[in-house]
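Engineer: After the sequence you'll find the predicted model.
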Amino acid sequence: MNNTVTPPDQEPERQHYFIGKLKEWVDDFYSEFKRKPTAFVCTFGCQMNARDSEKLRGILLQAGYETAEGEEADLVVYNTCTVRENANLKVYGRLGVLNGYKKKNPNMKIALCGCMMQEEEVVSKIQKSYPFVDLIFGTHNLYKFAELLFIALNNNEMTVETWDDSTAIVEELPKKRKYSFKSGVNIMFGCNNFCSYCIVPYVRGREKSRYPIDIIREIEKLASDGVKEIMLLGQNVNSYGKTLDGQPTFAQLLYDINKIDGLERIRFMTSHPKDLSDELIYAMAECDKVCDHLHLPLQSGSSRLLQDMNRHYDKEKYLSLVDKIRNVMPDISLTTDIIVGYPGESEEDFLETMDVVKRVRYDSAFTFIYSKRTKTPAAEKPDQIPEAIVHDRFDRLLDTVQKIGREQTARFTGRIMNVLVEEENQKENGLVTGRLTNNFVVHLPGNKSDIGHTIPVKLDECKGFYYLGSRIDGN
Ligand code: SAH
Ligand code: SF4
Ligand code: F3S
């Protein structure tokens, strides 16, 4: 290690310095083993984590690591999620497997990051029960990955660095996209909503928005690099800009992004019903690149529970919002998130949820069984619902959601619509798979060369949750 140069204090210069140090380490590894070290980054959880993993991969790639296909690698990074308990259990289960790999490859390093690592109890448990882990860091210092990895590579003890929160947003670090033609783009971090059941505000910190100029610059760069579709990411994109000077709105941001040449589709995730403005509804309708899809988490149809959940809307407000949106955009696809078994949920409350599902007729819905999360107010509630009742409600909800989803999906049969091709079909040769602007999946004849291209397709047949289509572009 060259100790004569002190690392810069400023970011991102400091991290670029440590990427340089990692490169030297990789060169030494190559001299010793006659191969490059391999790395595998495994993502749990949401699109935010998926984007964070692209940042980790970008740093590793620049440092000279080769990408491994599986966990038998010289470096394994688990980017974890803690939104529900089963996300945590999966990680603990797989750590045992990693330990086995490490015994075969003593040079192997194991790093854990992401939302789970923001929980003190989790870090203590890993320190105690999984001492073979080499590096732990959190969501707020993810941008320091190069520096932390460099420390861990030169340290025989477990390296642990997590921060409670941070106001810093570090721009201009490398990223390695999973797809050439689409990309997530963070527009904000953290969450201030404190829904009573949710751990995200505790592990992702306070809400902070990126400046429009930084977002636009990133998307322009992506578009010139061939990206056709972007997904704007935030826990509550509708409150975008509230922490910035001049308070730019999400709608204004959409108008600006809509002007970017080369970009074809703009998606975003997630919209909170409480902040969904008329300005945004009109922006969605007027911006031709904004996709015909809105994910609008309901959580519960019971006004009583919604109040307890701290969601700031009730059943009537939600339903009238849906009417307003459908009046302006009749073809829009609506999807949602629903929690079953929230503490105190009665059969009547549950039937209110079923009622909203039947009235809105979602194209699809993610249904979750309530999971008790530490620190959240709902976890303290005495009236947790017995498992058998929750499962019964969950099954009834899923049946209804799926039946309606199938009927809704079929509503475009016979139409000609544009498909952005994403991949070769996994099951059948000669077919490729892509998505409509409303996010429905379509299989159509094609090959690898179609990936990343937008193709007009006739939607011949609806097969439940996807379409079989034929090309009308002459290919
Ligand atoms: N910010 C987004 C959601 C992020 S978490 C929003 O507010 O819409 C994704 C989904 O996980 C939530 O919409 C909710 O349905 C579900 N979820 C969050 N905490 C949960 C818990 N404790 N138990 C079960 N599901 C939960
Ligand atoms: Fe969780 Fe609510 Fe924030 Fe979504 S808005 S991340 S559900 S606290
Ligand atoms: Fe999970 Fe963190 Fe996303 S808890 S859902 S990975 S913000």
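Structural biologist: Perfect, I can see it now. Keep in mind that what you see is a predicted model, and the values were worked out from it rather than measured. Residues are numbered from 1 along each chain as shown. Ligands and ions are numbered 1, 2, ... in the order given.

Engineer: List the buried residues in stretch 122-140.
Structural biologist: 122-123, 126, 130, 133-140 (16 or more other CB atoms under 10 Å). In short, each C-beta sits where N, CA and C put it, glycine included.

Engineer: Name the surrounding residues that touch it.
Structural biologist: The contact list for stretch 122-140, computed with CB atoms under 8 Å, 6 or more residues apart in numbering, reads 52, 82, 88, 92, 95, 98-99, 102, 109-118, 144-145, 148-149, 151-152, 155, 158-166, 203-205.

Engineer: Mind giving me the PyMOL select for the residues you listed, buried ones only?
Structural biologist: Selecting only the buried entries of the contacts of stretch 122-140 in PyMOL, with 16+ other CB under 10 Å as the criterion:
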select buried, resi 52+82+88+95+98+102+109+110+111+112+113+114+115+116+117+118+144+145+148+149+152+158+159+160+161+162+166+203+204+205
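
Engineer: mind listing which of the contacts of stretch 122-140 are in strands?
Structural biologist: Members of the contacts of stretch 122-140 lying in strands (criterion: DSSP state E): 109-114, 159-161.

Engineer: So which of those residues is the closest to ligand 1?
Structural biologist: For the ones in strands among the contacts of stretch 122-140, the minimum distance to ligand 1 (CB to the nearest ligand atom) is 13.7 Å, reached by Gly114.

Engineer: can you pull the contacts of the closest one?
Structural biologist: 44-45, 49, 52, 78-82, 138-139.

Engineer: can you tell me which of those residues are up against ligand 3?
Structural biologist: Contacts with ligand 3 are made by 45, 49, 81-82 out of those, judged by CB under 6 Å from any ligand atom.

Engineer: in which helix or strand would I find the closest residue to ligand 3 within the chain?
Structural biologist: Distance from ligand 3 to each residue of the chain (CB to the nearest ligand atom) is smallest for Gly45, at 2.7 Å. For Gly45, there is no enclosing helix or strand under DSSP states H and E.

Engineer: Help me confirm that it comes into contact with Asn86.
Structural biologist: No. Using CB atoms under 8 Å, Gly45 is not in contact with Asn86; the gap is 11.5 Å.

Engineer: Adding distance to ligand 1, write the ones next to ligand 3 among the contacts of Gly114 out as TSV.
Structural biologist: Below are these laid out as TSV (distance: CB to the nearest ligand atom, whole Å):
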residue	distance to ligand 1
Gly45	9
Asn49	11
Cys81	9
Thr82	10
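
Engineer: Get me the contact residues on the protein for ligand 3.
Structural biologist: Counting by CB under 6 Å from any ligand atom, the chain sits next to ligand 3 at 45-46, 48-49, 81-83, 115, 200, 203-204.

Engineer: Mind doing that once more with 5 Å?
Structural biologist: Within reach of ligand 3 by CB under 5 Å from any ligand atom, the chain has these residues: 45-46, 48-49, 81-83, 115.

Engineer: what sits against the residue nearest to Phe366 when sequence neighbours are not counted?
Structural biologist: Distances taken as CB to CB, 6 or more residues apart in numbering put Asp337 closest to Phe366, at 4.8 Å, once the chain neighbours are dropped. Applying CB under 8 Å, 6+ apart, we find Asp337 in contact with 295, 297-299, 365-368.

Engineer: Relative to Asp27, which of the ones next to ligand 3 among the contacts of Gly114 is nearest.
Structural biologist: Asn49 (30.7 Å; CB to CB).

Engineer: isn't the closest one right up against Asn79?
Structural biologist: Yes. With contact defined as CB under 8 Å, Asn49 and Asn79 form a contacting pair (5.2 Å).

Engineer: so what sits against both of those two?
Structural biologist: Residues touching both Asn49 and Asn79 (CB under 8 Å, 6+ apart): 43, 114.

Engineer: If you count surrounding residues, which of the two has more?
Structural biologist: Neighbours per residue (other CB atoms under 10 Å) separate Asn49 from Asn79, with Asn79 holding more: 26 against 20.

Engineer: before we move on, the earlier item: quick one: which of Gly45 and Asn86 has more around it?
Structural biologist: Set side by side, Gly45 and Asn86 show more neighbours around Gly45, with 20 against 11, by other CB under 10 Å.

Engineer: Just confirm yes or no for the helix ranked longest in the chain near ligand 1.
Structural biologist: When the chain is parsed with DSSP state H, its longest helix is helix 387-409. No. Judged by CB under 5 Å from any ligand atom, helix 387-409 stays clear of ligand 1, getting no closer than 10.7 Å.

Engineer: buried set for that helix?
Structural biologist: 390, 393-394, 397, 400-401, 404-405, 408-409.

Engineer: list the helices and strands that helix packs on?
Structural biologist: Other elements packing on helix 387-409 under the criterion 3 or more CB pairs under 8 Å, 6 or more residues apart in numbering; DSSP states H and E are strand 333-340, helix 347-360, strand 364-369.

Engineer: Contact residues of the stretch 101-250 of the chain facing ligand 2?
Structural biologist: So far as CB under 5 Å from any ligand atom goes, the stretch 101-250 of the chain lies against ligand 2 at 191, 193, 195, 198, 200, 235-236.

Engineer: gap between Tyr282 and His295?
Structural biologist: Going from Tyr282 to His295 by CB to CB, to the nearest Å gives 19 Å.

Engineer: more neighbours, the two?
Structural biologist: Neighbours were counted for Tyr282 and for His295 using other CB under 10 Å; His295 has more, 19 against 13.

Engineer: For the more buried one, list the residues it contacts.
Structural biologist: 269-271, 335-337.

Engineer: From those, list the buried ones, please.
Structural biologist: Buried members of the contacts of His295, counted by 16+ other CB under 10 Å: 269-271, 335-336.

Engineer: In terms of pLDDT, where does Lys102 sit?
Structural biologist: pLDDT recorded at Lys102 is 95.

Engineer: Quick one: residues contacting it.
Structural biologist: So Lys102 contacts 108, 110, 132 (CB under 8 Å, 6+ apart).

Engineer: And for Asn439?
Structural biologist: 267, 291, 293, 333, 335, 363.

Engineer: what two of the buried residues of stretch 122-140 are the furthest from one another?
Structural biologist: So, the buried residues of stretch 122-140 by CB to CB: farthest apart are Tyr130 and His140, at 22.1 Å.
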